[in-house]
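1. Provide a 3D model corresponding to the input given below.
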Amino acid sequence: MKISTSKLMNTAAITLALGVLTLASTSAQAESAPTVSTSDNDKLGLQLGVNLRWNNSAYDLDDNEVSVLPSMFYDDGKYYARGSQLGTYLVNDRDNEVLAFVQPGGENFDPDDAKGDLAQLDERKWSGLIGASYMRATPIGGFRAQLSTDITGRSEGTVARLTYLARLNPGKWTIYPSAGLEWVNSNYNEYYYGISQKEANKTSLDAYKPGSSISPYLSVNGIYDINKDWDLFLGQSVKFLADEQRDSPMVDEKVSYTTTLGLMYQF
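-> Okay, here's the model as predicted:
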C-alpha cells in the first residue's frame with residue numbers, strides 16, 4: 001500500500017505535538033519540548049536540555065513555584081522518552097497512535113508556603129501515573145483520548161483527557177495550539193482539594209469532600225529552530241478549575257497556569 005508523503009508529514013507533526021503537549025498538560029507536569037528529529041543521518045535521535053518553569057498554582061499560597069528541570073527526548077519508533085513521560089508504542093501507523101506510558105501527575109501543596117489554617121493542613125504531593133492514549137491524525141489536526149491512574153497510592157485518582165491540537169508554521173517557528181477537557185474522579189479531588197475531618201478538627205476550616213469534575217484547558221507551545229543542533233521552546237498552559245475544585249478552602253484562584261522556557265540540543 002502506498003503512503004503519501006503529505007500524510008506521513010502530517011502524522012509526524014501531530015506526534016511531535018503530542019510530545020510537547022503531554023508535558024505541558026501534566027501540570028507538572030512538566031517540562032515541554034519537541035520530540036527528537038532524526039532526519040540527519042549523523043544524529044543519534046536524542047535531545048537533552050534544560051527547562052525553566054513558572055507554575056502559578058490555584059492554591060492559596062504565598063509564592064509561585066519556580067523550578068529548573070532537566071529534560072530528555074528520545075524516540076526509536078518503539079520506545080520513547082518525552083520529558084517526564086516514558087512509554088512505548090502499541091500502534092504507530094500513518095493515522096493512528098496508541099501509547100502506554102508512565103509520568104508524574106497531580107498537584108503540589110506545601111503547607112510551609114501557606115498561612116493561617118492552611119499552614120496546618122497535610123502536604124499534597126505529586127503522584128505517579130500509568131496510562132494509555134489513542135491519537136487520530138486527520139487533515140485538520142490531531143484528536144487524542146488519554147486515560148491514566150495513580151500508582152503511588154497517594155491520591156488513588158483517575159484522570160481522563162480529550163484533546164484537540166493543531167499546527168502552525170510562521171517563519172522559523174512551529175506553533176501547536178490545543179484545547180481540551182479533563183475529567184478527574186472524586187479520589188483525585190479529595191486528595192488535592194478536599195479537607196479531611198481530621199484536618200477540620202485541628203483548624204477552623206470545614207470538612208470538604210468534593211466529587212468528580214470536568215475542567216477545560218488550553219495550551220500554546222512554540223518551537224523555534226535556532227539551527228540544526230539547537231531548539232528553543234516556549235510554552236503556556238492554562239487550566240480552568242471546576243466548581244468542585246474552586247469551592248475548596250485551599251483554593252483562591254479560578255485558574256492555574258504554567259509557563260515554560262526551554263533549550264534543547266540534538267545529539
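2. Just give the number of residues close to residue 62.
-> Applying other CB atoms under 10 Å, we find 9 other residues in the vicinity of residue 62. From N, CA and C alone the C-beta is placed, and that goes for glycine too.
3. Specify the local secondary structure of it.
-> coil (DSSP: H, G, I helix; E, B strand; the rest coil).
4. Got phi/psi on it?
-> phi -70, psi -40 (degrees, to the nearest 10).
5. for it, what are its contacts?
-> Residue 62 makes contact with 113, 114, 115 under the criterion CB atoms under 8 Å, 6 or more residues apart in numbering.
6. roughly how far apart are the last one and residue 252?
-> In this structure, residue 115 lies at 11 Å from residue 252, with CB to CB, to the nearest Å as the measure.
7. Looking at those two, which is more packed in?
-> Taking neighbours as other CB under 10 Å, residue 115 and residue 252 compare with residue 252 leading, 13 against 10.
8. Got the confidence number for the residue nearest to that one when sequence neighbours are not counted?
-> Distances taken as CB to CB, 6 or more residues apart in numbering put residue 60 closest to residue 252, at 3.9 Å, once the chain neighbours are dropped. For residue 60, the model assigns a pLDDT of 96.
9. distance of residue 60 from residue 188?
-> For residue 60 relative to residue 188 (CB to CB), the value is 19 Å.
10. between these two, which one's more packed in?
-> residue 188 (26 against 17).
11. mind checking which helix or strand that one is in?
-> helix 186-193 (DSSP states H and E).
12. hang on, residue 196 packs against residue 206?
-> No: using CB atoms under 8 Å, residue 196 makes no contact with residue 206, being 11.2 Å away.
13. Those two: which is more packed in?
-> residue 196 (14 against 9).
14. what sits against the nearest residue to the more buried one once chain neighbours are set aside?
-> The shortest distance from residue 196 to any non-neighbouring residue, by CB to CB, 6+ apart, is to residue 207 (6.7 Å). Applying CB under 8 Å, 6+ apart, one finds that residue 207 lies in contact with 195, 196, 197, 199, 200.
15. got the phi/psi numbers for residue 207?
-> Dihedral angles (degrees, to the nearest 10) for residue 207: phi -60, psi 140.
16. Run a quick check on the residue nearest to residue 252 versus residue 205, I expect a contact.
-> No: if you go by CB under 8 Å, residue 60 and residue 205 don't touch, sitting 11.4 Å apart.
17. quick one: common contacting residues for those two?
-> What both residue 60 and residue 205 touch, as defined by CB under 8 Å, 6+ apart, is the set residue 118.
18. quick revisit: I'd like the next helix or strand past the helix holding residue 188.
-> helix 197-201.
19. Okay, and the beta partners of residue 222?
-> With DSSP bridges applied, residue 222 shows beta-bridge pairing to residue 175, residue 234.
20. In stretch 184-200, which residues are buried?
-> Using 16 or more other CB atoms under 10 Å as the test for burial, stretch 184-200 gives 184-195, 199-200.
21. Send me it as PDB with only the CA atoms.
-> Only the C-alpha atoms of stretch 184-200 are listed here, as PDB (Å, rounded to 0.1, in the frame of the first residue of the first chain):
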ATOM      1  CA  VAL A 184     -10.900  13.600  37.300                       C
ATOM      2  CA  ASN A 185     -12.600  11.200  39.800                       C
ATOM      3  CA  SER A 186     -13.600  12.000  43.400                       C
ATOM      4  CA  ASN A 187     -10.500  10.300  44.800                       C
ATOM      5  CA  TYR A 188      -8.300  12.800  42.900                       C
ATOM      6  CA  ASN A 189     -10.300  15.800  44.000                       C
ATOM      7  CA  GLU A 190     -10.500  14.600  47.600                       C
ATOM      8  CA  TYR A 191      -6.700  14.300  47.900                       C
ATOM      9  CA  TYR A 192      -5.800  17.500  46.100                       C
ATOM     10  CA  TYR A 193      -8.700  19.800  47.100                       C
ATOM     11  CA  GLY A 194     -10.500  18.100  50.000                       C
ATOM     12  CA  ILE A 195     -10.400  18.900  53.700                       C
ATOM     13  CA  SER A 196     -10.500  15.700  55.900                       C
ATOM     14  CA  GLN A 197     -12.400  15.600  59.100                       C
ATOM     15  CA  LYS A 198      -9.000  15.300  60.900                       C
ATOM     16  CA  GLU A 199      -7.800  18.500  59.300                       C
ATOM     17  CA  ALA A 200     -11.000  20.300  60.100                       C
END
